[in-house]
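# Sharing a model that was predicted from the sequence below.
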Amino acid sequence: MALDLQSVSEAASGAIGSLVSTTILYPLDTCKTRFQADVRAHGQQKYRSLLDVLREAISNGQVLSLYQGLGTKNLQSFISQFVYFYGYSYFKRLYLEKSGAKRIETKANLLLAAAAGACTAIVTQPLDTASSRMQTSAFGKSKGLWKTLTEGTWTDAFDGLGISLLLTSNPAIQYTVFDQLKQRLLTEKQIKAGHGSSPVALSAFSAFLLGAISKSIATFLTYPAIRCKVMIQAVDPNDDGNTKGRQKSRKTVPGVLYAIWKSEGIPGFFKGLHAQILKTVLSSALLLMIKEKISATTWVLILATRRYLSLTRGRSKGA
């Protein structure tokens, strides 16, 4: 099967955008994850807001620990976005070719996005789990990637996979809403510019705004599952790092749901929603803005590389 270069271009630009946005917003992501993993016990909780996490890091002289797990998160983010954008772009092109349709309807778009998301979740789940463990470890006591992944069984590395597969609906909703809004906006711009004019593109501000709107909708609809996943993957606050001779207690979805319900009630399922929206909206908006701006350049570079390789092969055969 020939490599789909347009899908590679979409994947590469999406992955680069993800890498940049993840690095910029990582301290906020760490604060958010620790806040979400905190469960009220005996009527008290460790963190009341994101600022409490920041104050803890500052008071302990561990501000740089807000970056613990950044390498793992970037690796996971780069791979996941590359796999997702490649799969999503490839599935869309394949669907249009096989169906003969001129455009993809909303339902089909959701299914294609969910399929790409499922592939992404399976491939990157161990890195996702390791990243959450590193972020929720005590400041300054985070372990390396290999040690984090191998301190339990390989089954432990896939903690939260079921919910991750369920959460494929999040990017599916996000990118479907984004594509629909983008298509409408570009159609309106094209009509205003005139049918004979050159194709129009999204401005950086428009891409940022549409990314923020689409991610806000997706985050609100899937947030209870997001918090449940963080709690399953988080390090046990009573874990002293010595796992020898002790059986690790396995967290389950029913167990986590019951713990939230018992200690925090219904509002607990939405604890940290504002933090999640703040982080994910900024991250996704930056990602999509960067992707839109570099996708054309990436495509040109890929075509130039292919042309160069073709010329090189031709010269080799001629010689």
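Looks like it arrived, so ask away.
# Could you use CA atoms for every contact and neighbour count after this?
Fine.
# what helix or strand does Ser206 sit in?
helix 204-233 (DSSP states H and E).
# what is the rounded mean pLDDT of the very next helix or strand once past that helix?
Downstream of helix 204-233, the next assigned helix or strand under DSSP H and E is helix 253-264. For helix 253-264, the mean per-residue pLDDT is 86.
# how about helix 253-264 as PDB, C-alpha atoms only?
C-alpha atoms of helix 253-264 as PDB (Å, rounded to 0.1, in the frame of the first residue of the first chain):
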ATOM      1  CA  VAL A 253     -13.800   2.100  37.400                       C
ATOM      2  CA  PRO A 254     -16.700   1.000  39.800                       C
ATOM      3  CA  GLY A 255     -14.400   1.500  42.800                       C
ATOM      4  CA  VAL A 256     -13.300   5.000  41.700                       C
ATOM      5  CA  LEU A 257     -16.900   6.000  40.900                       C
ATOM      6  CA  TYR A 258     -18.000   4.800  44.300                       C
ATOM      7  CA  ALA A 259     -15.200   6.700  46.000                       C
ATOM      8  CA  ILE A 260     -16.100   9.900  44.300                       C
ATOM      9  CA  TRP A 261     -19.800   9.500  45.000                       C
ATOM     10  CA  LYS A 262     -19.300   8.600  48.700                       C
ATOM     11  CA  SER A 263     -16.800  11.400  49.500                       C
ATOM     12  CA  GLU A 264     -17.900  14.200  47.200                       C
END
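# tell me the angle of it relative to helix 204-233?
100 degrees (axes from the mean of the first three to the mean of the last three Cα atoms, to 10 degrees).
# Show me which residues of helix 253-264 are buried.
253, 256-257, 259-260, 264 (16 or more other Cα atoms under 10 Å).
# Stretch 27-47 too?
Buried, per 16+ other Cα under 10 Å, within stretch 27-47: 27-40, 47.
# In contact with the residue nearest in space to the middle of the chain, which residues?
What sits nearest the mean C-alpha location of the chain, by Cα atoms, centre = their mean, is Ser77, with 6.2 Å. Counting by Cα atoms under 8 Å, 6 or more residues apart in numbering, Ser77 touches 15, 18-19, 22.
# Just the buried ones from these, in ChimeraX syntax?
Typed into ChimeraX, the line below selects the buried ones among those, using 16+ other Cα under 10 Å:
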select :15,18,19,22
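# Helices - which of the contacts of Ser77 land there?
Among the contacts of Ser77, the members falling in helices (DSSP state H) are 15, 18-19, 22.
# surely Ile232 meets Leu257?
No: the pair Ile232 and Leu257 fails to qualify as a contact (Cα atoms under 8 Å) at a distance of 10.1 Å.
# ok, Ile266 to Ile260 distance?
Ile266 sits 8 Å away from Ile260, going by Cα to Cα, to the nearest Å.
# Overlap in contacts, those two.
What both Ile266 and Ile260 touch, as defined by Cα under 8 Å, 6+ apart, is an empty set.
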